[in-house]
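Engineer: Dropping the sequence and predicted coords here.
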Amino acid sequence: MRSVWLDTDAGFDDWLTMLMLGVHPDLRWLGVSVVAGNAPLPVTLANALRIRHHYQLRVPIFAGRPSPLNAPLQTAEYVLGPRGMRTAGSYLPDVASSPDGDDAVAAMLDALNRSPEPVTVIAIGPLTNVASVLKAQPSIVSRIEELVFMGGSTDRGNHTPAAEFNICVDPEAADIVCQTPGLKRRMFGLNVCRQVLLERQHVEAVQAWSGERARWLADHFDGYQRIRSADGVVPMPLYDPVVTAWLSDPDLFTFQPARVDVEVEGRLTRGMTVCDFRVGPSRAANVEVAMTADGAAVIEAVLQAARKHC
Ligand code: RIB
Ligand code: CA
């Protein structure tokens with residue numbers, strides 16, 4: 001039984017990740033910390049609370065940091081809209097529930113320190129909360145089994161030509177995460193997510209499910225899948241759920257050790273994850289970088305998990 005903590009900027013791919021965690025048979029899901037990213041914190045927090053309520057997830061949710069360590073907040077509203085999640089129709093209805101606390105960093109530290117076993121931390125948003133935890137108590141690394149994060153890229157970016165969104169929103173936080181000694185890190189970057197492609201056939205499969213939970217999902221699958229082309233002809237990579245697909249079946253992926261550093265100065269490259277695979281006795285790796293994925297199997301795992309909630 002693995003203990004996990006999720007840090008998220010609750011958008012649509014984050015939603016799918018939460019659904020996968022909710023049905024994973026062998027996980028002790030300790031909590032959720034919410035961070036600004038896809039949208040400002042009030043929106044990502046409201047999204048997380050809606051997802052928990054409507055899909056009956058049993059996990060405490062805490063409000064985290066509303067802005068990056070050392071930069072103005074950038075969000076993905078320009079692509080995803082004001083709720084940080086595109087939809088082709090319905091919206092997740094509002095809920096009256098409140099978070100279980102307004103200091104996610106303290107809550108995460110408490111959970112990690114109390115856990116009888118080291119905890120796998122899953123980060124699928126900007127790394128502001130995670131870096132704040134590491135800064136607050138550097139010795140916490142002994143309570144972290146592994147930090148598994150969706151972010152960065154071994155090649156091109158998506159928010160800028162050089163930088164992936166989660167890293168680009170808070171490069172200083174990502175730099176702390178990559179530099180912290182004694183922390184085991186596993187990175188799922190754009191390079192591997194681009195092998196996991198959502199197509200119209202997947203949207204149509206979800207549209208065939210019945211019930212309002214299925215309809216909310218289908219409308220958001222439809223809106224998300226059309227991000228690259230209004231008619232959905234251009235497949236759309238699926239990002240965050242690759243992490244939970246790996247948790248369920250590590251054999252779907254291959255990894256390579258690398259020295260990963262985050263550019264925090266570059267005028268054109270700020271937020272870039274510079275991945276150096278020339279590692280060995282004289283140059284230690286600090287990250288296991290996902291290089292290949294069985295994309296079809298990952299999508300199937302996502303749909304199977306989502307189906308169990310509808
Ligand atoms: O670049 C993709 C990442 O940015 C995903 O985590 C998505 O949810 C957004 O946070
Ligand atoms: Ca995310």
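Structural biologist: Okay, I see it. All values reported here derive from a predicted model rather than from experimental measurement. Ligands and ions are numbered 1, 2, ... in the order given.
Engineer: Excluding covalently adjacent residues, which one is nearest to the residue in the stretch 51-200 of the chain positioned nearest to ligand 1?
Structural biologist: Of all residues in the stretch 51-200 of the chain, Phe165 sits closest to ligand 1, with a separation of 3.7 Å (CB to the nearest ligand atom). Glycine gets a C-beta too; all of them are placed from N, C-alpha and C. On the basis of CB to CB, 6 or more residues apart in numbering, the spatially nearest residue to Phe165 that is not a chain neighbour turns out to be His159, at 4.1 Å.
Engineer: Please verify my assumption that the one you found contacts Asp170.
Structural biologist: No: counting by CB atoms under 8 Å, Asp170 is not a contact partner of His159; they are 11.7 Å apart.
Engineer: related to what we said a few turns ago, the residue nearest to Phe165 - how many residues pack around it?
Structural biologist: A total of 17 residues lie near His159 under the criterion other CB atoms under 10 Å.
Engineer: go on, Gly266?
Structural biologist: Other residues near Gly266 number 14, with proximity taken as other CB under 10 Å.
Engineer: Beyond the lowest-mean-pLDDT helix or strand in the chain, next helix or strand please.
Structural biologist: Sorting the helices and strands of the chain by mean pLDDT, DSSP states H and E puts helix 77-80 at the bottom, at a mean of 94. Sequence order places helix 104-114 as the next helix or strand after helix 77-80, per DSSP states H and E.
Engineer: hmm, who's touching that following helix?
Structural biologist: Judged by CB atoms under 8 Å, 6 or more residues apart in numbering, the contacts made with helix 104-114 from elsewhere in the structure are 5, 7, 30-31, 33-35, 60, 62-65, 100-101, 119, 121, 129, 132-133, 136-137, 140, 143-144.
Engineer: So which residues on the protein come close to ligand 2?
Structural biologist: Counting by CB under 5 Å from the ion, the positions of the chain adjacent to ligand 2 are 9, 14, 124-125, 240.
Engineer: if I pick the residue in the stretch 1-150 of the chain that ligand 1 sits nearest to, what's in contact with it?
Structural biologist: Taking CB to the nearest ligand atom as the measure, the point where the stretch 1-150 of the chain comes nearest ligand 1 is Gly11, at 4.2 Å. Contacts were defined as CB under 8 Å, 6+ apart; by that measure Gly11 touches 37-39, 44, 47, 76, 80, 84-85.
Engineer: Spatially nearest residue to it (excluding sequence neighbours)?
Structural biologist: The shortest distance from Gly11 to any residue other than its chain neighbours is 3.5 Å, reached at Asn38 (CB to CB, 6+ apart).
Engineer: what's the spacing between the one you found and Ile144?
Structural biologist: For Asn38, the distance to Ile144 equals 24 Å [CB to CB, to the nearest Å].
Engineer: When the two are compared, which one has more neighbours?
Structural biologist: When neighbours are counted by other CB under 10 Å, Asn38 comes out ahead of the other of Asn38 and Ile144, with 29 against 22.
Engineer: and the more buried one, which of the three is it?
Structural biologist: Of the three states, Asn38 takes coil under DSSP: H, G, I helix; E, B strand; the rest coil.
Engineer: and this protein, which residues reach ligand 1?
Structural biologist: With CB under 6 Å from any ligand atom as the criterion, the chain comes near ligand 1 at residues 9, 11, 13-14, 37-38, 76, 124-125, 150, 158, 164-166, 239-240.
Engineer: what about 8 Å?
Structural biologist: When proximity is defined as CB under 8 Å from any ligand atom, the chain approaches ligand 1 at 8-9, 11-14, 37-38, 76, 124-126, 150-151, 158-159, 164-166, 190, 193, 239-240.
Engineer: Show me where the stretch 1-150 of the chain has its helices.
Structural biologist: Under the criterion DSSP state H, counting those that start in this stretch, the stretch 1-150 of the chain carries helices at the ranges 12-23, 41-54, 77-80, 104-114, 128-136.
Engineer: ok, Cys293 - contacts?
Structural biologist: Not Cys; residue 293 is Ala. Contacts for Ala293 (CB under 8 Å, 6+ apart) come out as 192-193, 195-196, 242, 245, 252-253.
Engineer: what's the answer for Leu252, then?
Structural biologist: With contact set as CB under 8 Å, 6+ apart, Leu252 has these partners: 245-246, 293-294, 297-298, 301.
Engineer: Distance-wise, check it relative to Ala301.
Structural biologist: Leu252 sits 8 Å away from Ala301, going by CB to CB.
Engineer: Chain neighbours aside, what residue packs nearest to the residue positioned nearest the centre of the chain?
Structural biologist: Centre of the chain computed as the mean C-alpha position; nearest residue by CA atoms, centre = their mean is Ile124, 1.7 Å away. Counting by CB to CB, 6+ apart, Asp240 is the residue found nearest to Ile124 once chain neighbours are left out, at 4.0 Å.
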